[in-house]
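*Asks:* Need coordinates for the below:
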Amino acid sequence: MAAVAFVIASFTAPQELGTNPQSMFMLLPLTAAIAVIYKATKLPTITAGNFIKETTALFGSIVIFIIITALTLYTLAWLITQ
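*Replies:* Below is the predicted model of the structure:
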C-alpha cells in the first residue's frame, strides 16, 4: 500500500528539468514515442523494415527541427541581450 501511495504522490509535483542544454535530452524519448505512434497510425501497410525506416526518418527530422529551433531562439535571445 505504501508503494502505491508513493507512486501516486510522485505525480502530484512537477519534475525539475532545468534550463541547461543537457535537459534537451529529455525530449528524445518523447520524440521517439511520437514518431512510433504517428507512423503506426499513418502507414497503410506495416512491415518491419519499412516501419523502422519511416520511424527513424521522422524521428531524425523532428530532432533536427528541434535543434534548429533551439539554436535560432538562442541566437535571437543573444542578439536581444547584447
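*Asks:* and the longest helix seen in the chain, which residues are buried?
*Replies:* Assignment by DSSP state H gives helix 48-81 as the longest helix of the chain. For helix 48-81, a neighbour-count test (16 or more other CB atoms under 10 Å) marks 54, 55, 58, 59, 62, 63 as buried. Where C-beta positions appear, they are placed from N, C-alpha and C, glycine not excepted.
*Asks:* Find the helix or strand that residue 27 is a member of.
*Replies:* helix 27-42 (DSSP states H and E).
*Asks:* Okay, angle between that helix and helix 48-81 too, please.
*Replies:* 130 degrees (axes from the mean of the first three to the mean of the last three CA atoms, to 10 degrees).
*Asks:* pLDDT value on residue 48, please?
*Replies:* Residue 48 carries a pLDDT value of 93.
*Asks:* repeat for residue 19
*Replies:* Taking residue 19 on its own, its pLDDT is 75.
*Asks:* so how many other residues sit close to it?
*Replies:* 6 (other CB atoms under 10 Å).
*Asks:* Next, give phi and psi for it.
*Replies:* phi -120, psi 30 (degrees, to the nearest 10).
*Asks:* Would you agree residue 70 is in contact with residue 19?
*Replies:* No: judged on CB atoms under 8 Å, residue 70 makes no contact with residue 19 at a distance of 11.5 Å.
*Asks:* which non-adjacent residue is nearest residue 28?
*Replies:* residue 63 (7.4 Å; CB to CB, 6 or more residues apart in numbering).
*Asks:* circling back to that earlier point, give the buried residues for the helix holding residue 27.
*Replies:* In helix 27-42, counting by 16+ other CB under 10 Å, buried: 31, 32, 35, 36, 39.
*Asks:* what comes into contact with stretch 14-27?
*Replies:* Residues outside stretch 14-27 that contact it (CB atoms under 8 Å, 6 or more residues apart in numbering): 66, 70.
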